[in-house]
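In: Based on what follows, work out the 3D shape:
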Amino acid sequence: MPVNLTANSISAINGGDVNSKPLVQVLDIKLIGNTQERYRLLISDSVATQHAMLATQLNDRVKSALVRKGSVIQLIDYICSTVQNRKIIVVLNMETIIPDCDIIGNPRMLSESDSVPQKLALDTSGRPPLTNNSSVGAQSSACTSSSNGKNSSFQNPGNNMQSFRPTVQPPYQPPPNYKHHGAIMRNEAPARIIPIAALNPYQGRWAIKARVTAKGDIRRFNNAKGDGKVFSFDLLDSDGGEIRVTCFNAVVDRFHDTIEVGKVYVISKGSLKAARKNFNHLNNEWEIFLETTSTVDPCPDEDSSIPRQQFSFRPISEIENVESNSILDVIGVVVTVNPSVPILRKNGMETQRRILNLKDQSGRSVELTLWGDFCNREGQQLQETVENGTFPVLAVKAGKINDFSGKSIGTISSTQLFIDPDFPEAHSLRDWFDRGGKNTSSHSISREFIPGGGPRNEIRKSLAQIKDEGLGRSDKPDWITVKATTSFIKTDTFCYTACPLMIGDRQCNKKVTKSGNSRWLCDRCNQEFEECDYRYLLQVQVQDHTGLTWVTAFQEAGEEILGCSAKELYVLKYESEDDNTKFAETIRTCLFTEFLFRLKIKEEIYGDEQRVKITVVKAERVNYSEESKFLLAMI
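Out: As a prediction, this is how the structure comes out:
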């Protein structure tokens, strides 16, 4: 089937044309990039060739062989950018016209001088002037091979040499069916609005139209360059593309008060850099950084084609297997809300914390921790609603996963909370809850505060599973709950002497030794004192129906197991006059007692040997009434 490429279109693209949608041929494809796959093409318009870069969203066209060497394609959306002082065409959208074809014409590599502006030079007849290298002869070619397997233009070497003589590149005249845009200076033309998904660092001038879905607070920082401030906001366009925009220092002052969540803006003249995935959860490899020359223009007419928000909800049952620090969206019914309490952060600043629980149709519930202003805004509203007997649906956008005590979710600066939102997932969840979901038992994947009881983790394992599943051997510790019986306690070294001095609001607890004057000395505090403290360091053997293992219990857990303080037990053993009778009775009383042990399992190095250390974080005697309810819910 004969095909004509759009002759001289590459020269026109270099001159600023972005509207002609030309037909070109792919002469070569090369995979480049170390951290990210990108494809570089060599394209031809039958007269000239030039390198082009595929936008990453088009990579699948190459992988599926829809575009390959010899393919004739039509460029739909494209721009010409300068990369390392060399012009390159960035292909944002295209269509394959013919998957496979012989080489058309005798193209040569385009030079800078060959580029022509969109303002066209016409002869007196109104047509572009012709040259010796006629575009008609160059383009007329069949896309089927001749009998010798070669294109006819390559059969006469002498003629080919003639065709490669340097000639003056003819000015470009777009086909009549394209609109004429008039003479526009390239640097003065308004940037073309493109989809967020098409953004890449190879573009020169661009603009996007998108809605602000989230806006962070101004954060201040200090580094080697001095003090600074930063804030970010997230954008969503009509094609579903999302990207984060970040502003620093003077740019913060310029745009922070301008940006409003829910408003639509046209943004241009920013720079694109790789997204920092430890701070940026959006599904985009790039991030926009606004500069002093950037523009952010509000759109007076709201674009209804751009959604207000975009969610990717995960069922609560899937969160149990999600990695810690992951960012995700979740929706559930709020079943409990705890009061807000003040918390002192590590930096000495005080903040508020409020814990609530969500459940959904997956048969699981999860703990959601609200921090800071979320406690007094949405948190207070949720508490009042639940106290009135109504259980609202809550959608969480960008919650952060924590695995400190089972899997839980926490708010971060970019988190958004939507109470009883108006979209299908919320209506479906409400219908399920009202039709009986309210009374359905849910298996908690988090630490759950039971009225009248202590914290309990419902993620149960057996002792055999600790070894069989290789728990504790990953980078972070595993947290499990085991129902087991105490079978033996080492009594020769059940506690240690500890420093009683206070460091800030915490006790030192460092091990102390006796000095020469019979006083206790703390190397950490570099002080001496008359009386020391005693803290548990219990080695306990526990067993269940699958096996037994040794665990370590420190102060609080030791008190929960033995029912008395380490100092009281020390006095019974070493200072009592009843020959250790009461000491032995205290130990005997707690043996063969069933506990729910909350365990932290982590591999540690002792000398040159790696061992899995199992530490008791919480020990709670089994409440058989509550345990029966738990087993019934599991059934």
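In: Pull out the buried positions in the helix or strand where Val252 lies.
Out: Using DSSP states H and E, Val252 sits in helix 250-255. Of the residues in helix 250-255, Val251, Val252, Phe255 count as buried by neighbour count, 16 or more other Cβ atoms under 10 Å. For the C-beta atoms, the positions are set from N, CA and C on the backbone; glycine is no exception.
In: Return the member of the residues you listed nearest to Val337.
Out: Relative to Val337, the closest of the buried residues of helix 250-255 is Val252; by Cβ to Cβ it sits at 34.9 Å.
In: Make sure the closest one is actually in contact with Phe221.
Out: No: counting by Cβ atoms under 8 Å, Val252 does not reach Phe221; the two are 11.6 Å apart.
In: overlap in contacts of these two?
Out: Lys229, Val230 (Cβ atoms under 8 Å, 6 or more residues apart in numbering).
In: as a whole number, average confidence for the helix holding Val252?
Out: The pLDDT scores in helix 250-255 average 92.
In: helices and strands around that helix, which ones?
Out: strand 226-236 (3 or more Cβ pairs under 8 Å, 6 or more residues apart in numbering; DSSP states H and E).
In: So what are the sheet partners of the next helix or strand after the strand it packs on and their directions?
Out: Downstream of strand 226-236, the first helix or strand assigned by DSSP H and E is strand 242-248. As defined by DSSP bridges, the strand partners of strand 242-248 come to strand 226-236 (antiparallel), strand 286-289 (parallel).
In: got the buried residues for strand 242-248?
Out: Applying 16+ other Cβ under 10 Å to strand 242-248 flags Glu242, Ile243, Arg244, Val245, Thr246, Cys247 as buried.
In: Export these to CSV and append columns for pLDDT and distance to Arg460.
Out: Compiled in CSV, those are given as follows (pLDDT from 0 to 100; distance: Cβ to Cβ, whole Å):
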residue, pLDDT, distance to Arg460
Glu242, 90, 39
Ile243, 93, 43
Arg244, 92, 40
Val245, 94, 45
Thr246, 93, 44
Cys247, 94, 48
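In: Among those, which one sits closest to Arg524?
Out: Thr246 (42.4 Å).
In: ok, which pair from the buried residues of strand 242-248 is furthest apart?
Out: Between any two of these (Cβ to Cβ), the greatest distance is 17.6 Å, for Glu242 and Cys247.
In: And what about Gln383, helix, strand or coil?
Out: helix (DSSP: H, G, I helix; E, B strand; the rest coil).
In: which ones are touching Ala52?
Out: By Cβ under 8 Å, 6+ apart, the neighbours of Ala52 are Arg40, Leu41, Leu42, Ile43, Tyr78, Ile88, Ile89, Val90, Val91.
In: And the last one, what's its pLDDT?
Out: I take that to be Val91. Reading off the model, Val91 has pLDDT 89.
In: going forward can the numbers begin at 384, since that is how I track them
Out: Will do, 384 is the new start, and the previous item becomes Val474.
In: any idea of the pLDDT on Arg907?
Out: Value for Arg907, per-residue pLDDT: 79.
In: ok, it touching Lys893?
Out: Yes: at 4.3 Å, Arg907 counts as touching Lys893 under the criterion of Cβ under 8 Å.
In: what do these two both touch?
Out: Cys882.
In: Who's the closest spatial neighbour of the spatially most central residue of the chain, skipping the chain neighbours?
Out: The centroid of the chain falls nearest to His664 when counting by Cα atoms, centre = their mean (3.0 Å). The shortest distance from His664 to any non-neighbouring residue, by Cβ to Cβ, 6 or more residues apart in numbering, is to Ile710 (3.3 Å).
In: Likewise for Trp815?
Out: Gln744 (5.2 Å).
In: how about the one you found, what does it touch?
Out: Contacts of Gln744 were listed using Cβ under 8 Å, 6+ apart, and they are Pro698, Leu812, Trp815, Gly820.
In: same thing but at 7 Å, please
Out: Counting by Cβ atoms under 7 Å, 6 or more residues apart in numbering, Gln744 touches Leu812, Trp815, Gly820.
In: got any ranges where the stretch 434-583 of the chain has weak pLDDT?
Out: Across the stretch 434-583 of the chain, residues meeting the criterion (pLDDT under 70) sit at 466-467, 494-574.
In: At which residues are the helices of the stretch 834-983 of the chain located?
Out: 846-851, 938-945, 949-957, 964-973 (DSSP state H, counting those that start in this stretch).
In: Can you say which of these is packed in most?
Out: helix 938-945 (a mean of 21; mean count of other Cβ atoms under 10 Å).
In: angle of that one against helix 964-973?
Out: Here helix 938-945 points in a direction 90 degrees away from that of helix 964-973 (axes from the mean of the first three to the mean of the last three Cα atoms, to 10 degrees).
In: What lies in contact with helix 938-945?
Out: So helix 938-945 is contacted by 869, 918-919, 921, 923, 936, 948-949, 952, 969, 973, 978, 999-1003 (Cβ under 7 Å, 6+ apart).
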